[in-house]
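# show me the folded form of this:
(chains A and B)
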There are 2 protein chains.
Amino acid sequence: MEKSNKFKILDCTLRDGGYYTNWDFNKDIVKTYFQSFNSLPVDYLEIGYRSNPMNSYLGEYFYCPQYLLEESKEISSKKLVIILNEKDVRPEHVKDLLGPTSGYIDMVRIAIDPKNFKRALVLAEEVKKHGFEIGFNVMYMSNWENEKEFLGQIKEVTGIADYFYMVDSFGGVYPEDVKKTYEIVRDQTDTKIGFHGHNNLQLALINTLTAIECGVDIVDATVTGMGRGAGNLQTELLLTALNAKGLLDFDFNSLSKVVDPFEKMQKEYGWGTNLPYMVSGANSLPQKEVMSWVTKRYYSLNSIIRALSNKSRGIEDNMDLKNLNGEKKFKTALIIGGGPSGKNHSMAINEFIKNQDDICLIHSSSKNSQEYKNIETLQIHCLAGNEGHRLEESYSNMNIDNKLVVLPPYPRTMGTYIPKKLEEVAYQLNEINFTDKFHESVTSLAIETALKLGVEKFFFVGYDGYTGAIKTQELELFNENEYIFHSLKNNREFTPISLTPTQYDNLETQSVFALI
Amino acid sequence: MEKSNKFKILDCTLRDGGYYTNWDFNKDIVKTYFQSFNSLPVDYLEIGYRSNPMNSYLGEYFYCPQYLLEESKEISSKKLVIILNEKDVRPEHVKDLLGPTSGYIDMVRIAIDPKNFKRALVLAEEVKKHGFEIGFNVMYMSNWENEKEFLGQIKEVTGIADYFYMVDSFGGVYPEDVKKTYEIVRDQTDTKIGFHGHNNLQLALINTLTAIECGVDIVDATVTGMGRGAGNLQTELLLTALNAKGLLDFDFNSLSKVVDPFEKMQKEYGWGTNLPYMVSGANSLPQKEVMSWVTKRYYSLNSIIRALSNKSRGIEDNMDLKNLNGEKKFKTALIIGGGPSGKNHSMAINEFIKNQDDICLIHSSSKNSQEYKNIETLQIHCLAGNEGHRLEESYSNMNIDNKLVVLPPYPRTMGTYIPKKLEEVAYQLNEINFTDKFHESVTSLAIETALKLGVEKFFFVGYDGYTGAIKTQELELFNENEYIFHSLKNNREFTPISLTPTQYDNLETQSVFALI
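As a prediction, this is how the structure comes out:
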């Protein structure tokens, strides 16, 4: 690496870190941020988005109102940058979005899906009229080889964008990929090239240094790597490495001062890589989905990896099972979820079941299923997602008399897993159609199964909801279930009734103790 | 990277992670660890040290008693490894240390400073008699180019060790360094080569993959990177990356199971890289020292980096100042520390000072110094370590009438920094000799200064100690001060007296309120 290599550095902590804080930041931290960077060798600070109004609360740095730009400009001696999401912005929005930024902002970046590259060129022409420097942040770099159309369009950026960024969206590229992609872009245009690395595999530093060696003109980083999912190259790591190589000199106390408050925030919000992010990075999967599958327990890492690796080896583990025909009908179903009440009140619930003469049990979770092992009526286990593995682990002494297992329609996103001893009683639904969403949810599967069996009376136990501090993923699961119950009521006009305490608004309640 | 590349993987989580837990681990976590690894493609598990008795408490996995090896062997299907610290083990200890491990342990590794390489060869001959595989873990790889003698000795390892490890002790090597060093070693011996990477610069993965490409035969990793300071290559990252490259297949659920409890421990203990570790890695400094300097506030990162960079550029920033001659004598000194009592009781303390006719003030911290700005007797500020910068920041309106600043003896470890306006009143001590340790402490500097002025009566305020949850570094500072007060009492027979509440046993106490 030569000293003559005059690349620029852009810090986008506030913009990319906003994914964790919903784009609101403590004023004192922002002040420390701008003041510290005034004495650090960084050229651009990207402070946020400019956006049309969205349908949910998004904070100050997602909209960057004019007063905020004015304040930032006053305190900062750096070039300031905002970014636009190409998918949400059309040329006719540009005047309203960018007019107020004039005089405060030096560069406008545009986040671009390569599939929309042509459309982005038109948008950029409009932005250019306002006199900004323009950065193209083209995403999904590790998949570009499959984007033949886009690859043929790269050259059209010449004369429009000031920087053409390769964005390693999945955090899965290696130094050799950076080199290869750099050459592909360089062959097509003499526009300055940039690199934005993610840190799923902790390769952001080496990839960025490799990009600098290749000759890129600008690289991105954020303080403590703050940014969506596994996050970015850490500004402090880049600066420290460049300093040790003798390429940069600066005030480490200023660096330390700005790192401090963000390290504290990191303890609270927890950005940085972890096993699901590594898996998504290594396999170029969207980390948001992988994280959501794993934390909602839809799929385990194993089923994700197995499905991926089977796919890449051409192994078909997606079995097309017999369809559940619903020959045997029931008037009533008791759907048993995994909440504590399904265990705490199991004696009463067992009594209740014995008093019914036309009821089937549908287990949407394996968690409480052992509590009902002596019930002799039909018991159905729903094996959506990873539930097959969990059932096998938690209920090893299960016998198959009066048992069925039901799986979602074929083909299933992550393949098929059925515990060996249950294979002969395994069926799939031919479709899930009472709800338009959440077809991978065990609750959807349980309800559609009941409908298939002619059920008209829907009782639920073990659907308690969540108390205390609720995690985001729990809240999402809760909202999913609410939507599913609502669909059952509205689309099929059946009333779902919980016999145990519940927080779901869409469940009517009766007490199991009143019914025995 | 070819599939034919049959390298082995060694996980040393319990051995290296012990630096955080003092080598004690929860039994359930250990069980999960061994059981999970039984279904993971890892060849060796290094479980701890074997050691002669040491003079402080060190836990189970530092000594690995026979029952522990037996238990481990029973539950684990992997080859088990222990490590010896060459600096503490001589050939005559080998029988006692390794006899009891026979039948349980497959490999004995030896951690070796390249300066002691010859001695290690003799030790290894003795270990070999017991029939173990032998690994040489040769440390400080980034400094080997300066170890000419060692470089000439590498070839002697042939026929003795089974694996010769390159250990990136500082976490500062880059892939190109790995290649270069690999070639140097390969040229000298056909012994199998290993690589142990540290993660200060988040280069452990790329360095390890580079080593594998070079053709090393074994690489190390630990779960979540658990290990001293910034830690190691994460086992889960290595396995995930190798899996995505199609080199390994395994059960990700087992991996996830073992990562889980260690991630929880990581939240508690906090291993992983941070700015001081990055700085130490990038500059091949011992991370333990850098961390200790920074957290004890002896030196700021800036002074460390500036001293390093001045040194590497041949700039001499170590100024040889006038020695404090002690012409003016005082019978009494009030040494003012940074504790809250120096501020809370400052009115009473000011009164007390005014009532004394032969007293000087010595500020060992800039924290409370403004509280005494109206005192007209001589005030001395001690500028050990980073105190010069802190004084400048916290007390910008200070005038220099009746003021002196005193620095430790020349030359100072991290150079000299004196705020501009104080330069003409700056002196250094010619020596610190009332205590044999802690010559970089501001308290030592304050006391030696008082002795120089002929002081016989030592009063202290603002030396409160610490309450509530005490951090390790606070405890260390506390113990340092205790030692320093003890030295003053024992070596000079003066009684240090605190006028404000204190937790130091070596300070006598009187109340400032009784003396005004």
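# what's the burial count for A:M291?
18 (other Cβ atoms under 10 Å in any protein chain shown). No exception for glycine: its C-beta is placed from N, CA and C like everyone else's.
# and A:S441, backbone torsions?
phi -80, psi 140 (degrees, to the nearest 10).
# no no, A:V108
Torsion angles at A:V108 (phi, psi; degrees, to the nearest 10) stand at phi -110, psi 120.
# what comes up buried for stretch A:411-424?
Judged by neighbour count (16 or more other Cβ atoms under 10 Å in any protein chain shown), stretch A:411-424 contains these buried residues: A:R412, A:T413, A:M414, A:G415, A:T416, A:Y417, A:I418, A:P419, A:L422.
# closest to A:P53 out of those?
Using Cβ to Cβ, A:T413 comes nearest to A:P53 of those, at 33.6 Å.
# what's the spacing between the closest one and chain B?
Distance of A:T413 to chain B, given as Cβ to the nearest Cβ, to the nearest Å: 17 Å.
# quickly find the element holding the most centrally placed residue in chain A.
Geometric centre of chain A, nearest residue: A:K288, 1.7 Å, by Cα atoms, centre = their mean. Using DSSP states H and E, A:K288 falls within helix A:287-295.
# coming back round to it: wait, which of the buried residues of stretch A:411-424 is closest to B:H381?
A:M414 (66.7 Å).
# closest residue of the stretch 251-400 of chain A to chain B?
Nearest residue of the stretch 251-400 of chain A to chain B (Cβ to the nearest Cβ) works out as A:A282 at 3.5 Å.
# wait, that residue sits on B:T240?
Yes - the criterion here is Cβ atoms under 8 Å, and A:A282 meets it with B:T240 at 5.0 Å.
# who has more neighbours out of these two?
Taking neighbours as other Cβ under 10 Å, A:A282 and B:T240 compare with B:T240 leading, 29 against 23.
# and A:I112, what is it in contact with?
Neighbouring residues of A:I112 by Cβ atoms under 8 Å, 6 or more residues apart in numbering or on different chains: A:E86, A:A120, A:F136, A:N137, A:V138, A:M139.
# next structured bit after the helix-or-strand element of chain A with minimal mean pLDDT?
Lowest mean confidence among the helices and strands of chain A (mean pLDDT, DSSP states H and E): helix A:301-312, at a mean of 68. Proceeding C-terminally, helix A:301-312 gives way to strand A:332-336 as the next helix or strand, assigned by DSSP H and E.
# what's that following strand packed up against?
Strand A:332-336 sits against helix A:346-355, strand A:359-363, helix A:442-452, strand A:457-461, with contacts defined as 3 or more Cβ pairs under 8 Å, 6 or more residues apart in numbering or on different chains; DSSP states H and E.
# and B:H196, which of these is closest to it?
Proximity to B:H196 (Cβ to Cβ) singles out helix A:442-452 among the helices and strands packed on strand A:332-336, at 44.8 Å.
# ok, residues contacting the closest one?
Residues outside helix A:442-452 that contact it (Cβ under 8 Å, 6+ apart): A:324, A:326, A:330, A:333, A:335, A:337, A:360, A:362-365, A:380, A:382, A:384-385, A:387, A:406-408, A:429, A:431-435, A:438, A:458, A:480-481, A:484, A:488, A:492.
# what about that helix, average pLDDT?
Averaged over helix A:442-452, pLDDT sits at 96.
# stretch A:483-490 now?
95.
# sorry, back to before: anything in contact with each of A:A282 and B:T240?
Common neighbours of A:A282 and B:T240, counting by Cβ under 8 Å, 6+ apart, are A:L201.
# count the residues that sit near A:L203.
Close neighbours of A:L203, defined as other Cβ under 10 Å, add up to 29.
# what residues are up against it?
A:G171, A:V173, A:Y174, A:P175, A:G197, B:L205, B:I206.
# okay, the residues you listed in TSV with neighbour count, pLDDT and secondary structure next?
Converted to TSV, those look like this (neighbours: other Cβ atoms under 10 Å in any protein chain shown; pLDDT from 0 to 100; DSSP: H, G, I helix; E, B strand; the rest coil):
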residue	neighbour count	pLDDT	secondary structure
A:G171	27	96	coil
A:V173	26	97	coil
A:Y174	20	97	coil
A:P175	20	98	helix
A:G197	28	97	coil
B:L205	23	98	helix
B:I206	25	98	helix
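# mind putting the helices and strands packed on strand A:332-336 in CSV, distance to B:A161 and mean neighbour count included?
Output for the helices and strands packed on strand A:332-336, formatted as CSV (distance: least, Cβ to Cβ, whole Å; neighbours: other Cβ atoms under 10 Å in any protein chain shown):
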stretch, distance to B:A161, mean neighbour count
helix A:346-355, 61, 17
strand A:359-363, 57, 25
helix A:442-452, 55, 25
strand A:457-461, 64, 25
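# can you mark which positions in the helix or strand where A:V185 lies are buried?
Here A:V185, judged by DSSP H and E, is contained in helix A:175-188. Residues of helix A:175-188 classed as buried by neighbour count (16+ other Cβ under 10 Å): A:P175, A:D177, A:V178, A:T181, A:Y182, A:V185, A:R186, A:Q188.
# the last one against A:K155, yeah?
Yes - contact between A:Q188 and A:K155 holds when scored by Cβ under 8 Å: they sit 4.3 Å apart.
# joint contacts of these two?
Here A:Q188 and A:K155 share no contacting residue, scored by Cβ under 8 Å, 6+ apart.
# that's a strand at A:D190, yeah?
No - using DSSP: H, G, I helix; E, B strand; the rest coil, the assignment for A:D190 is coil, not a strand.
# hmm, the longest helix belonging to chain A in reach of chain B?
Across chain A, the helix with the greatest residue count (assigned by DSSP state H) is helix A:472-492. No - Helix A:472-492 stays clear of chain B (Cβ under 8 Å from any Cβ of the partner chain), getting no nearer than 15.8 Å.
# and that helix with strand A:457-461, angle?
In terms of direction (axes from the mean of the first three to the mean of the last three Cα atoms, to 10 degrees), helix A:472-492 departs from strand A:457-461 by 170 degrees.
# next secondary structure element downstream of helix A:472-492?
Using DSSP H and E, the helix or strand that follows helix A:472-492 in sequence is strand A:496-498.
# what residues of that next one count as buried?
Buried, per 16+ other Cβ under 10 Å, within strand A:496-498: A:P496, A:S498.
# quick one: mean pLDDT for it?
Per-residue pLDDT values over strand A:496-498 give a mean of 96.
# contact partners of the helix or strand containing A:I134?
If you go by DSSP H and E, A:I134 is part of strand A:133-138. With contact meaning Cβ under 8 Å, 6+ apart, strand A:133-138 is reached by A:81, A:83, A:106-112, A:114, A:117, A:120, A:124, A:127-128, A:150, A:157, A:160-167, A:194, A:196, A:218.
# change it to 7 Å
Contacts with strand A:133-138, where a contact means Cβ atoms under 7 Å, 6 or more residues apart in numbering or on different chains, come from A:106-112, A:114, A:120, A:124, A:127-128, A:157, A:160-167, A:194, A:196.
# so of these, which ones are in strands?
Using DSSP state E, the subset of the contacts of strand A:133-138 located in strands is A:107-112, A:163-167, A:194, A:196.
# what sits against the residue nearest to A:I9 when sequence neighbours are not counted?
With sequence-adjacent residues excluded and distances taken as Cβ to Cβ, 6 or more residues apart in numbering or on different chains, A:I9 is closest to A:V42, at 4.6 Å. Going by Cβ under 7 Å, 6+ apart, A:V42 touches A:I9, A:D11, A:K78.
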